[in-house]
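[1] Here you go, sequence then predicted model.
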Amino acid sequence: MTQQIPTVTLNNGIEMPRLGFGVFQVPDDETRAAVSTALEAGYRSIDTAAVYGNERGTGQALADSGIARDELFVTTKLWNSEQGYDSTLAAFDASLEKLGLDHVDLYLIHWPTPAKDTYLDTWRAFEEIYASGRARAIGVSNFLPEHLERVVAAGGTVPAVNQVELHPALQQRDIQAANAAHGVVTEAWSPLAQGGALLSEEPITAIADRLGRSPAQVVLRWHLQQGRVVIPKSVTPSRIAENIALFDFELTGDDLAAIDGLERDGRVGPHPTEVN
């Protein structure tokens, strides 16, 4: 292992790596190689989802690696069409089968789909899965504060993680505050924004030049120093290696503040109220 990745303790006591490898939009036939490259580079947390269509390739790479299961942290997500109590239980079984695992480390509701209003029934199924030990932690993704509050108010298990789009141009401060108030870890998807346009902007390029780092490393370090979990995605071996080399430098307070100043509601994915 080339890097010792720090962990965060979730609200149920489970340790989760602060840096993981995402496989969004990676075709299943390319996923096995990409995940294998990531594992060789030192990643131990892999983030997939049923809708990505690459749980099988992910599972094959995990099996190929020979890495002990307790050294790996595997996340997958329930797709919107499978929400509801019974359908969630069936979908989870299908994900486990594709992954070739007897448990996952984190299972997430992919979107709240508020127009369907099924996420509370779905959460009951998640709690049953959690109680069975087949998911070591359960959480949500793309939940706005009002969605999170309803789950918490139901009085059962508090989600361990809320994974949301978050990068310098969309910092989701209201969601981060709601998560923190309930002891929920904020995990950033699309942590670099998509397309890389953000990475060519001041002050990111100036900080990168000063530190002799890539703009992507600077932005990922910004996330880490502010307490978030991040899951950058790449299929390029050099980038996969670069994105894990984050633990031998630090940004200053001025650096963090300058990147904070890039906020502009620069959403690249859909708004959670519009996904059903």
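    Sure, I can see it.

[2] What's the local residue count around Q194?
    By the criterion of other Cβ atoms under 10 Å, Q194 has 14 neighbours. For the C-beta atoms, the positions are set from N, CA and C on the backbone; glycine is no exception.

[3] Would you list the phi and psi of the closest residue in space to it that isn't next to it in sequence?
    Nearest non-adjacent residue to Q194, counting by Cβ to Cβ, 6 or more residues apart in numbering: V268, 4.5 Å away. Taking degrees, to the nearest 10, you get phi -110, psi -20 for the backbone angles of V268.

[4] I'd say V268 and W189 touch.
    No - under the criterion of Cβ atoms under 8 Å, V268 makes no contact with W189, lying 10.1 Å away.

[5] Compare the two (neighbour count), which wins?
    Legend: neighbour count by other Cβ under 10 Å for V268 and W189, higher for W189 (20 against 15).

[6] and the gap between the more buried one and A115?
    22 Å (Cβ to Cβ, to the nearest Å).

[7] can you check N179 too?
    Per Cβ to Cβ, N179 is found 23 Å from A115.

[8] Give the residue from these two that has the larger number of neighbours.
    Using other Cβ under 10 Å, the more surrounded residue of N179 and A115 is N179, with 23 against 10.

[9] So what's the residue count around H103?
    Residues lying near H103 (other Cβ under 10 Å) number 15.

[10] need the contact list for it.
    L96, G133, R134, A135, R136 (Cβ atoms under 8 Å, 6 or more residues apart in numbering).

[11] Now stretch 110-122 - C-alpha only, PDB.
    The C-alpha coordinates for stretch 110-122 follow below in PDB (Å, rounded to 0.1, in the frame of the first residue of the first chain):
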ATOM      1  CA  HIS A 110     -29.200   7.100  -4.200                       C
ATOM      2  CA  TRP A 111     -31.700   9.900  -4.500                       C
ATOM      3  CA  PRO A 112     -34.600  11.000  -2.200                       C
ATOM      4  CA  THR A 113     -37.100  11.100  -5.100                       C
ATOM      5  CA  PRO A 114     -39.500  13.300  -3.100                       C
ATOM      6  CA  ALA A 115     -42.300  13.100  -5.700                       C
ATOM      7  CA  LYS A 116     -42.600   9.400  -5.000                       C
ATOM      8  CA  ASP A 117     -42.300   9.900  -1.300                       C
ATOM      9  CA  THR A 118     -41.100   6.400  -0.600                       C
ATOM     10  CA  TYR A 119     -37.800   7.000   1.100                       C
ATOM     11  CA  LEU A 120     -39.200   6.500   4.600                       C
ATOM     12  CA  ASP A 121     -40.400   3.000   3.600                       C
ATOM     13  CA  THR A 122     -37.100   2.400   1.900                       C
END
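
[12] And that stretch, what's buried?
    Within stretch 110-122, the residues that qualify as buried are H110, W111, P112, T113, P114, T118, Y119, D121, T122, counting by 16 or more other Cβ atoms under 10 Å.

[13] What distance do you get for the nearest residue to the last one once chain neighbours are set aside to W111?
    Taking Cβ to Cβ, 6+ apart as the measure, T122 lies nearest to Q83, with 4.6 Å between them; neighbours along the chain are not counted. Between Q83 and W111 the distance is 9 Å, computed by Cβ to Cβ.

[14] what does S45 give?
    As judged by Cβ to Cβ, S45 and W111 stand 21 Å apart.

[15] from the middle of its chain, how far away would stretch 168-180 be?
    Offset of stretch 168-180 from its chain centre (Cα atoms, centre = their mean, to the nearest Å): 15 Å.
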